[in-house]
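Using only what follows, build the 3D model:
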Amino acid sequence: MTSRFKVMSLTDAAADRIKAIIADADRPIAGLRVGVKNGGCAGMSYTMEYADGAKSGEDTIEDKGVTVFIDPKAVLFLLGTEMDFQTTKLASQFVFNNPNQTSACGCGESVAITPANPEALRAAVA
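Take a look at the predicted model:
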């Protein structure tokens, strides 16, 4: 289902990188699926994978020519998040600027995220 609001937004750099990844895929790809999972020293980590299409209950976000599917279990954790792609001397990676993130581990592989208040979700839809 397509959201009446955007759970996430993309920077130009993130959209450009996702377009390049999809163009280089070895099969047709409809977009990128983003979610969160339990794990890591801080408690959670972001997940990303190729998506052939939307799964039941997923939010679909169209931003800057890119389709992103949001795992329904991740919506409250990702509400208001901006996805960026950054390149430094040591790494090139997607970065999630998430207002719900309360801390991150030292290695940068996992984060602590507090789900958004359902009232914030209702206000975003209204």
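
make it CA atoms for all contacts and neighbour counts henceforth
Noted.

Need the pLDDT of the closest residue to Y50 other than its chain neighbours.
Closest residue to Y50 apart from its sequence neighbours, by C-alpha to C-alpha, 6 or more residues apart in numbering: L32 at 4.9 Å. Looking at L32, its pLDDT is 94.

V68 now?
What the model reports as pLDDT for V68 is 94.

Could you pull out the helices in this structure for me?
12-24, 75-78, 118-125 (DSSP state H).

Need the mean per-residue confidence for the last one.
Right, the one you point to is helix 118-125. 57.

Please apply the same query to the shortest one.
This predicted structure assigns helix 75-78 an average pLDDT of 86.

Report all helices and strands that that helix contacts.
For helix 75-78, not one helix or strand is in contact under the criterion 3 or more C-alpha pairs under 8 Å, 6 or more residues apart in numbering; DSSP states H and E.

Just the CA atoms of it, as CSV, please.
The C-alpha trace of helix 75-78 is given here as CSV (Å, rounded to 0.1, in the frame of the first residue of the first chain):
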residue,chain,number,x,y,z
VAL,A,75,7.4,1.6,10.3
LEU,A,76,7.4,3.0,13.8
PHE,A,77,11.2,2.6,14.0
LEU,A,78,11.8,4.4,10.7
